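K.L.:
predicted model and sequence follow; I will ask about them next.
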Amino acid sequence: MSISKIPTSKGRILVIDDSEVLLSRVKSALGAAGYDVIATTQTVGTARHLQGCDLVVVDFHMPGFDGKSVLGSLRGAMRGGTDAPPLFYLYTNDESATRDWSHHGFDGVFTRKGDDRALVEQVDAAFRMRRMRALANRTK
């Protein structure tokens, strides 16, 4: 009989935002929900955190780089990698960015920025969708 390793978290998430206060709240809320969270205000050099990530959450409005630029940089850094790519989600209350999330290259959008409970619910839903897609792909 083999014993399989039990995951210690529900998934690994990288959160990029220019607000230390928001990052602290998000890390606390998602951590309490069972996720392993890396939170950073750095828009450059964050690709080093992608290894093993299941989800990357990116603020849209940040000084220097907007979320679309950060996303492009991260996707570019992943080219040729062997890991399954993470999902990239936009995190904003900006209605125009919310409407254009797929046009910007994101896999989805989390709305109601600043509502920690809503974020946990939305992240849980994104992980459920990821698992369902993986199961559907295995049966093909």
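P.N.:
Nice, thanks for sending it over. Numbers count the residues shown, from 1 in each chain.
K.L.:
return the set of buried residues in the lowest-mean-pLDDT helix or strand in the chain.
P.N.:
Lowest mean confidence among the helices and strands of the chain (mean pLDDT, DSSP states H and E): helix 95-99, at a mean of 79. Neighbour counts over helix 95-99 (16 or more other CB atoms under 10 Å) mark residue 97 as buried. Where C-beta positions appear, they are placed from N, C-alpha and C, glycine not excepted.
K.L.:
show me what that helix is packed against.
P.N.:
Contact here means 3 or more CB pairs under 8 Å, 6 or more residues apart in numbering; DSSP states H and E; on that basis helix 95-99 packs against no helix or strand.
K.L.:
quick one: average pLDDT of the longest helix along the chain?
P.N.:
The residue-count maximum for a helix in the chain (DSSP state H) belongs to helix 116-138. The pLDDT scores in helix 116-138 average 90.
K.L.:
could you do stretch 21-37 as well?
P.N.:
96.
K.L.:
what does stretch 101-112 give?
P.N.:
What stretch 101-112 shows for mean pLDDT is 88.
K.L.:
and that stretch, how far from the chain's centre?
P.N.:
Mean C-alpha position of stretch 101-112 versus that of the full chain (CA atoms, centre = their mean, to the nearest Å) differs by 11 Å.
K.L.:
residue 92 against residue 60, yeah?
P.N.:
Yes. Residue 92 is within contact range of residue 60, at 4.3 Å (criterion: CB atoms under 8 Å).
K.L.:
mutual contacts of those two, please.
P.N.:
residue 67 (CB atoms under 8 Å, 6 or more residues apart in numbering).
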